[in-house]
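Trainee: Quick one, what's the 3D model for this:
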Amino acid sequence: MTVGIAKALYFVCTIIWYVIRYPYERRARRTPVRQTARGLRDRLLVAAAVVGFAGFPLLYVATRVLRAADREFIPALVWLGLMVFAAGIWLNYRTHRDLGRNFSPSLDVRREHTLVTNGVYAYVRHPMYSAFFLWGVAQALLLPNWVAGFSGLVGFAILYFLRVGQEERLMLDTFGEAYRAYLSRTARLVPWIY
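Mentor: Model prediction:
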């Protein structure tokens with residue numbers, strides 16, 4: 001295992017992630033929006049996550065700008081990172097599959113949107129966010145650089161903590177008591193914990 005292989009594996013996993021997501025994003029763009037909570041704030045939050053997951057890693061791989069933040073390369077961490085990324089990819093796949101036509105990459109409720117409470121959604125309300133956090137942990141393990149490695153976690157944490165309340169309000173406005181009951185029996189990210 002080398003640093004170059006670790007970097008390549010990071011981008012292979014990222015491509016796999018997006019290949020899973022792409023058909024759902026494409027279909028969502030064609031499905032009319034019934035209600036939305038998106039705006040400039042949400043676009044900025046998404047931009048923070050994209051910069052963390054793609055911008056800094058690309059800067060790290062393509063240039064030497066971040067080399068002062070390099071840390072010791074430990075091959076065992078790469079293997080652990082691959083396992084965490086695999087778990088995140090699986091959860092990303094299950095989340096999209098369980099949502100089906102209800103998927104939206106933004107704070108939108110689509111026409112004919114239904115409340116999904118089965119599959120991974122029976123255990124957590126936001127498994128897609130859980131999957132992204134797994135990606136962030138994997139990135140920190142795969143990329144031996146303090147900035148590029150941890151930028152995904154930081155960028156996504158900013159998005160998550162500033163967006164999840166707004167998303168849950170949108171769901172409450174849309175599904176009312178059914179969503180309130182769902183809130184009472186599920187955790188946000190980690191089953192039975194949080």
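Trainee: Sheet-wise, list the partners of the helix-or-strand element of the chain with minimal mean pLDDT with their directions.
Mentor: Ranked by mean pLDDT, DSSP states H and E, the weakest helix or strand in the chain is strand 33-36, scoring a mean of 81. Next to strand 33-36 in the sheet, as set by DSSP bridges, lie strand 108-110 (antiparallel).
Trainee: Just after the longest helix seen in the chain, pick out the following helix or strand.
Mentor: In the chain, taking DSSP state H as the definition, the longest helix is helix 146-175. Later in the chain than helix 146-175, the nearest helix or strand by DSSP states H and E is helix 177-185.
Trainee: buried residues in that next one?
Mentor: 179, 182 (16 or more other Cβ atoms under 10 Å). Glycine gets a C-beta too; all of them are placed from N, C-alpha and C.
Trainee: excluding its backbone neighbours, what's nearest the residue nearest the centre of the chain?
Mentor: Nearest to the mean C-alpha position of the chain, by Cα atoms, centre = their mean, lies residue 132 at 2.6 Å. With Cβ to Cβ, 6 or more residues apart in numbering as the measure, residue 156 is the residue that lies nearest to residue 132, at 5.1 Å, once sequence neighbours are left out.
Trainee: Wait, that neighbour touches residue 131, no?
Mentor: No. Using Cβ atoms under 8 Å, residue 156 is not in contact with residue 131; the gap is 10.3 Å.
Trainee: Where does the prediction get shaky in the chain?
Mentor: Across the chain, nothing is flagged by pLDDT under 70.
Trainee: The residue nearest to residue 7 when sequence neighbours are not counted in helix, strand or coil?
Mentor: Using Cβ to Cβ, 6+ apart and skipping the chain neighbours, the partner closest in space to residue 7 is residue 61 (5.1 Å). Under the three-state scheme (DSSP: H, G, I helix; E, B strand; the rest coil), the conformation of residue 61 reads as helix.
Trainee: Does residue 61 touch residue 4 like I think?
Mentor: No. If you go by Cβ under 8 Å, residue 61 and residue 4 don't touch, sitting 9.1 Å apart.
Trainee: If you count surrounding residues, which of those two has more?
Mentor: More crowded of residue 61 and residue 4, by other Cβ atoms under 10 Å: residue 61, with 17 against 9.
Trainee: In contact with the more buried one, which residues?
Mentor: By Cβ atoms under 8 Å, 6 or more residues apart in numbering, the residues touching residue 61 are 7, 11, 148.
Trainee: Out of those residues, flag the one nearest to residue 91.
Mentor: Within these, the smallest distance to residue 91 is 19.5 Å, found for residue 11 (Cβ to Cβ).
Trainee: give me the element the closest one is part of.
Mentor: Assigning secondary structure by DSSP H and E places residue 11 in helix 3-30.
Trainee: Which strands or helices does that helix pack on?
Mentor: With contacts defined as 3 or more Cβ pairs under 8 Å, 6 or more residues apart in numbering; DSSP states H and E, helix 3-30 has these neighbours: helix 56-62, helix 75-99, helix 127-142.
Trainee: buried stuff in the first one?
Mentor: Within helix 56-62, the residues that qualify as buried are 56, 57, 59, 60, 61, counting by 16+ other Cβ under 10 Å.
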